[in-house]
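S.K.: A predicted structure for the sequence below; I have some questions about it.
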Amino acid sequence: MPSSPQPLVVGIGEVLWDMFPDGARFGGAPANFACSVAGLASESVRISVVSAVGRDDLGRRALRALKERGVDPSCVTQCDAPTGQVVVQLDDSGHPSYEISADAAWDHLVWSEDLLQHARCADVVCYGTLGQRSAGAQSVVEQFVRSMRPGSLRVLDVNLRPPFWTDSLVLDSLRWADILKCNETELPVIASLLQFTGSDTSILRQLVDRYSLRLAALTRGANGSLLVNGEGMVSEMAGTPVAVVDTVGAGDAFAATLAVAMCRGLPIEVMHAWASRVAAYVCSQPGATPAIPLKLQGDLPL
């Protein structure tokens, strides 16, 4: 009897290059998520990215970068718009600020029968708001997420990057999510939109209840992280001490680890500790998608 196909994990949205002072590094939150999943569980899952790049050198390099990291780029189209770029400046603590180019290739995503079939095969998807900043891309992301099978896992990594989001985009994106991941600057924005008040734990509980989330996660950088799941269980952890090189991609790796752990049915404290260790490691390395060492990889089938 043939074995069942491996689960399919998809990142949909922006593919870009982070332009650091010392050179360009591959990135984009959904791509970072996909690369992190590949680093954690490449032997037990299939990983792909749905996006677009330009017909330029950065686009060709992006396609190679995905392949090198074990991510299938067959759903990354090429178009006449330039491949996305983000100028990244780091402060003394390694925390980034971003200047994001407008009208990048990923803004020109087009829905197709192939994407519909891909969505119907997907077991996990990660999406955010930056990848939906154009009306066309927003429509494609929504159609993809809505076309997934019941029981699949939809991960919303909010990724608010002013001015590329609106109140309605955030609220619409929440409607389809099973997992929400946000940081300490994004949670107050979401709480204000929904008129939620109280402690961080209380706000996450309200989000879980309002949107029937399986998990809500808050990252706080050096101050640790907080999880609340659909059963009302809470896990709070201090930050993992690490010599920070830069924090770009750490949140994406955190979300990727949570998604893999959720699919494996790991207890909340176990998944939280694993995600914290992986995110801390990413902070200790340059760029958003460093190779994940064996000691941090999962060894259970998805």
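M.R.: Here it is on my side, so go on.

S.K.: pLDDT weak spots in the stretch 201-302 of the chain?
M.R.: 298-302 (pLDDT under 70).

S.K.: where exactly do the helices run in it?
M.R.: 250-263, 268-283 (DSSP state H, counting those that start in this stretch).

S.K.: for the chain, what's the longest strand?
M.R.: strand 46-54 (DSSP state E).

S.K.: ok, back up a step: save the helices of the stretch 201-302 of the chain as a markdown table, and put in distance to residue 291 and mean neighbour count too.
M.R.: Yep, even glycine has a C-beta here, placed from its N, CA and C like the rest. Below are these laid out as a markdown table (distance: least, C-beta to C-beta, whole Å; neighbours: other C-beta atoms under 10 Å):
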| stretch | distance to residue 291 | mean neighbour count |
| --- | --- | --- |
| helix 250-263 | 12 | 27 |
| helix 268-283 | 10 | 21 |
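
S.K.: turn these into a markdown table, including distance to residue 67.
M.R.: Output for these, formatted as a markdown table (distance: least, C-beta to C-beta, whole Å):
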| stretch | distance to residue 67 |
| --- | --- |
| helix 250-263 | 18 |
| helix 268-283 | 21 |
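
S.K.: if we can go back for a sec, average pLDDT for the longest strand of the chain?
M.R.: With pLDDT averaged residue by residue, strand 46-54 scores 97.

S.K.: and it, which residues are buried?
M.R.: 46, 47, 48, 49, 50, 51, 52, 53, 54 (16 or more other C-beta atoms under 10 Å).

S.K.: and the fourth one, what does it touch?
M.R.: Right, residue 49. 10-12, 15, 30-31, 34, 66, 71-73, 75-76 (C-beta atoms under 8 Å, 6 or more residues apart in numbering).

S.K.: quick one, which of the helices of the stretch 201-302 of the chain is nearest to residue 241?
M.R.: Closest to residue 241 of the helices of the stretch 201-302 of the chain is helix 268-283 (C-beta to C-beta; 7.9 Å).

S.K.: so which elements touch that closest one?
M.R.: helix 29-41, strand 225-229, strand 234-237, helix 250-263 (3 or more C-beta pairs under 8 Å, 6 or more residues apart in numbering; DSSP states H and E).

S.K.: I'd like these written out as JSON lines, with distance to residue 199 added.
M.R.: As requested, those are exported to JSON lines (distance: least, C-beta to C-beta, whole Å):
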{"stretch": "helix 29-41", "distance to residue 199": "27"}
{"stretch": "strand 225-229", "distance to residue 199": "10"}
{"stretch": "strand 234-237", "distance to residue 199": "11"}
{"stretch": "helix 250-263", "distance to residue 199": "21"}
